[in-house]
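*Asks:* build the 3D model from these lines:
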Amino acid sequence: MAQLGSCCGDELVGVNDAVCFTVDLEATGEGADLILWEDETSFIINGSIMVENNGIIGASPTAALTVNGAAIPGFTVAPGEARSITLNDIETIGLTGTGTGTGSVKVSFSINYKY
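*Replies:* Residues are numbered from 1 along each chain as shown. Down below sits the predicted model:
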């Protein structure tokens, strides 16, 4: 039987979690991010983020990654493409759609922190 409440001593314990989902991304325009995840803890969150744009080439928007309210330079995923990045001190994860139409965008990320 587990001994609940005594699983952690004085050392930091690491937590790793993974999330994956698909969103229908519309052309939101610059500054109108679709917020996908927000850190509501006091922990410093590190992780890897992958964006796969399954939209139709020429008929769906590109997906630009925003972290902590700012666009990640050069991280724009066109329909039919995928990209990933590893970052530290993540507070929010969002997407901005640019172009026309609506596209299916798969987002997966792992978050890691110690408490």
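
*Asks:* tell me, please, the helix or strand in this structure that averages the lowest pLDDT.
*Replies:* Lowest by mean pLDDT, DSSP states H and E among the helices and strands of the chain is strand 14-26, with a mean of 89.

*Asks:* packing partners of it?
*Replies:* Other elements packing on strand 14-26 under the criterion 3 or more CB pairs under 8 Å, 6 or more residues apart in numbering; DSSP states H and E are strand 34-38, strand 92-98, strand 102-114. Where C-beta positions appear, they are placed from N, C-alpha and C, glycine not excepted.

*Asks:* and of those strands, who's closest to F21?
*Replies:* strand 102-114 (6.2 Å; CB to CB).

*Asks:* if you count neighbours, what's buried in that closest one?
*Replies:* 102-103, 105, 107-109, 111-113 (16 or more other CB atoms under 10 Å).

*Asks:* and the two most separated of those?
*Replies:* Farthest-apart pair in the buried residues of strand 102-114 is T102 and Y113; separation 33.6 Å (CB to CB).

*Asks:* what is the residue nearest the centre of the chain paired to in the beta sheet?
*Replies:* Nearest to the geometric centre of the chain sits I93, at 4.5 Å (CA atoms, centre = their mean). Per DSSP bridges, the residues bridged to I93 are W37, V67.

*Asks:* V23 too?
*Replies:* Note on V23: beta-bridge partners by DSSP bridges are V105.

*Asks:* residues contacting it?
*Replies:* Contacts for V23 (CB atoms under 8 Å, 6 or more residues apart in numbering) come out as 34, 36, 95, 104-105, 107.

*Asks:* rewinding a little: could you check how far the residue nearest to the centre of the chain is from F75?
*Replies:* 12 Å (CB to CB, to the nearest Å).

*Asks:* likewise T96?
*Replies:* Look at T96 and F75: by CB to CB, they are 10 Å apart.

*Asks:* do D33 as well
*Replies:* Using CB to CB, D33 is found at 13 Å from F75.

*Asks:* compare these two (neighbour count), which wins?
*Replies:* Set D33 next to F75 and count neighbours by other CB atoms under 10 Å: D33 wins out with 20 against 16.

*Asks:* I figured the more buried one was touching L95, is that so?
*Replies:* Yes. D33 is within contact range of L95, at 6.7 Å (criterion: CB atoms under 8 Å).
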